[in-house]
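Participant: Task: produce atomic coordinates for the following.
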Amino acid sequence: MSGPLFVFAGGGTGGHLFPGIAVAGSLKQLHPNAEFLFAGSGRTVEQSILADAGFEAFPLNVPAVASARRHPLKFLRGHFADWMTARQMMREKKPAAIIGLGGLASFAVCDAAGRAQVPVILLEQNVIPGRATRRLAHSFPLCTSFPETTDHLRCAKKIVCTGNPLRPEIVRSQSAPENIARRKTLLILGGSQGSTTVNDAVLLAAHTILDADPQSPLRSWNVIHQTGTGEDERAEEAWKSLEIKATVKPFFSDLPSLYPKAGLVISRSGATTLAELACLKLPSILLPYEHARDDHQTANARAFESAGAAKLIDTREPDLESRLADALGELIEDRSQRESMSKNCESLARPDAADRVARFVCEQAGLTAQS
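Facilitator: Okay, the predicted model is just below:
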């Protein structure tokens, strides 16, 4: 006998999908016969992530938001087509609940579900909620990653701060701050698409540190560098010229296996990455994506900086490379500071977030756990 169907709506990036995958895993523990469907953009990265996780993808049209001004009629037709597809899904598949992961795809599916009186639960990863969340939160309950998100929503139906759901392999990799501080591997992440800004800043900062002190402790560190497509060869040559051992790839599909090696992370400040860093107690230098909508990555990073878990460097201000060199050089030399930052991550970590969201989804859907 088949169990309840849970539909996850939204995605497009790992930052949106991984929390949904984590919640699906927790729901599977509560309802072993449950079925899952991810309705999203159909982008290649999305299809790859879901295939690796063993979940079925249901691609929608999802017109680009940027096309709304250039081709408004085409945008509206695409959005309406997604809404009609979602409405048909509600009739035919009769899902037990819809979990909105954010983005335009989530809006069409959640709206159609609400009209069909199917329970909808929203997830918001960032401090500053996205447009879909802001428009839907007055109608549907919302699970947030940061308590500060409440300050950015008016007339929300119900808000529960659960934390950002994490994959089990992340939660299982936790270690003690004193052990993390002994590690000598620098992990560099520019997001799932990579970042030329991050790549350039890190490489120039490393040059600056070693030019100022050829015997810098940086020379004894290893580097793991995720560059994004087309940037790996240049970065690999740069690290080689600095005589620093580096593993460089456009994208690491096995990132959870790399985190336990890291003693320090340089990263963008997407909410899912930050939740993983907090759970794993990894000290970090954060370079928020300067073009993020509503500057939400800076807001995420500020929460970590305020907790003493990270250093925030604004990429829009002058002398980025020298500011990064100062921060990196200081942390490379000061193990006690890295250990302190690692301990401060504990106040931000929510390792049970996936289970909390799963229980809340079942509660809203009127389902009793089977296990």
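Participant: Give me the residue at the spatial middle of this protein.
Facilitator: Centre of the chain computed as the mean C-alpha position; nearest residue by CA atoms, centre = their mean is Thr272, 2.4 Å away.
Participant: pLDDT value on the nearest residue to that one once chain neighbours are set aside, please?
Facilitator: Spatially, and ignoring its direct neighbours in sequence, Thr272 is nearest to Gly15 (4.2 Å; CB to CB, 6 or more residues apart in numbering). Quick note: C-beta positions are derived from backbone N, CA and C, even for glycine. At Gly15, the pLDDT value in this model is 75.
Participant: residues of the helix or strand harbouring Gly15 that come out buried?
Facilitator: Taking DSSP states H and E as the definition, Gly15 sits inside helix 14-30. Using 16 or more other CB atoms under 10 Å as the burial criterion, the residues of helix 14-30 that qualify are 14-28, 30.
Participant: show me where the stretch 1-150 of the chain has strands.
Facilitator: Counting by DSSP state E, counting those that start in this stretch, the stretch 1-150 of the chain has strands at residues 5-10, 35-40, 56-59, 97-102, 120-124, 142-144.
Participant: tell me which strands and helices the biggest helix by length in the chain is in contact with?
Facilitator: Counting residues, the longest helix found in the chain (DSSP state H) is helix 72-93. Judged by 3 or more CB pairs under 8 Å, 6 or more residues apart in numbering; DSSP states H and E, helix 72-93 is in contact with strand 5-10, strand 35-40, helix 67-70, helix 104-115.
Participant: quick one on the thing from earlier: with respect to the strands of the stretch 1-150 of the chain, which exhibits the lowest mean confidence?
Facilitator: If you rank the strands of the stretch 1-150 of the chain by mean pLDDT, strand 56-59 sits at the bottom with a mean of 85.
Participant: What are the contacting residues of that one?
Facilitator: Outside of strand 56-59, the residues within contact range by CB atoms under 8 Å, 6 or more residues apart in numbering are 7, 36-42, 46-47, 50-51, 89.
Participant: so what strands line up beside that strand?
Facilitator: strand 35-40 (parallel) (DSSP bridges).
Participant: tilt between the partner strand and helix 14-30?
Facilitator: Interaxial angle, strand 35-40 versus helix 14-30 (axes from the mean of the first three to the mean of the last three CA atoms, to 10 degrees): 170 degrees.
Participant: ok, residues contacting strand 35-40?
Facilitator: Counting by CB under 8 Å, 6+ apart, 2-12, 17, 20, 24, 27-28, 46, 50, 55-60, 62, 86, 89, 93, 95, 101, 103, 105, 109 sit against strand 35-40.
Participant: now the angle from it to strand 5-10?
Facilitator: Going by the same axes, to 10 degrees, strand 35-40 makes 20 degrees with strand 5-10.
Participant: With only the CA atoms kept, save strand 35-40 in PDB.
Facilitator: C-alpha atoms of strand 35-40 as PDB (Å, rounded to 0.1, in the frame of the first residue of the first chain):
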ATOM      1  CA  GLU A  35       6.400   9.000  -1.900                       C
ATOM      2  CA  PHE A  36       8.200  12.200  -3.000                       C
ATOM      3  CA  LEU A  37       8.200  14.500  -6.000                       C
ATOM      4  CA  PHE A  38      10.300  17.600  -6.600                       C
ATOM      5  CA  ALA A  39       8.600  20.100  -8.900                       C
ATOM      6  CA  GLY A  40      11.100  22.700 -10.000                       C
END
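Participant: Can you show me the helices along the stretch 251-371 of the chain?
Facilitator: Under the criterion DSSP state H, counting those that start in this stretch, helices of the stretch 251-371 of the chain are mapped to 255-258, 271-279, 296-306, 320-333, 335-344, 353-365.
Participant: Backbone dihedrals for Ile188, please?
Facilitator: phi -120, psi 120 (degrees, to the nearest 10).
Participant: Count the neighbours of it for me.
Facilitator: 25 (other CB atoms under 10 Å).
Participant: wait, doesn't it sit right on Gln226?
Facilitator: Yes: at 6.6 Å, Ile188 counts as touching Gln226 under the criterion of CB atoms under 8 Å.
Participant: on that earlier part again, with mean neighbour count added, can I get the helices and strands packed on helix 72-93 in TSV?
Facilitator: Shown next, in TSV, are those (neighbours: other CB atoms under 10 Å):
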stretch	mean neighbour count
strand 5-10	28
strand 35-40	23
helix 67-70	11
helix 104-115	25
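Participant: The ones you listed into JSON lines, with extra columns for distance to Leu136?
Facilitator: Shown next, in JSON lines, are these (distance: least, CB to CB, whole Å):
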{"stretch": "strand 5-10", "distance to Leu136": "10"}
{"stretch": "strand 35-40", "distance to Leu136": "15"}
{"stretch": "helix 67-70", "distance to Leu136": "18"}
{"stretch": "helix 104-115", "distance to Leu136": "5"}
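Participant: Out of these, which is closest to Leu331?
Facilitator: If you check each of these against Leu331 by CB to CB, strand 5-10 wins as the nearest, at 35.3 Å.
Participant: Show me what counts as buried in stretch 213-230.
Facilitator: The neighbour-count check on stretch 213-230 (16+ other CB under 10 Å) flags Ser216, Leu218, Arg219, Trp221, Asn222, Val223, Ile224, His225, Gln226, Thr227, Gly228 as buried.
Participant: Glu330 versus the third one, what's the distance?
Facilitator: Taking CB to CB, to the nearest Å as the measure, Arg219 and Glu330 are separated by 16 Å.
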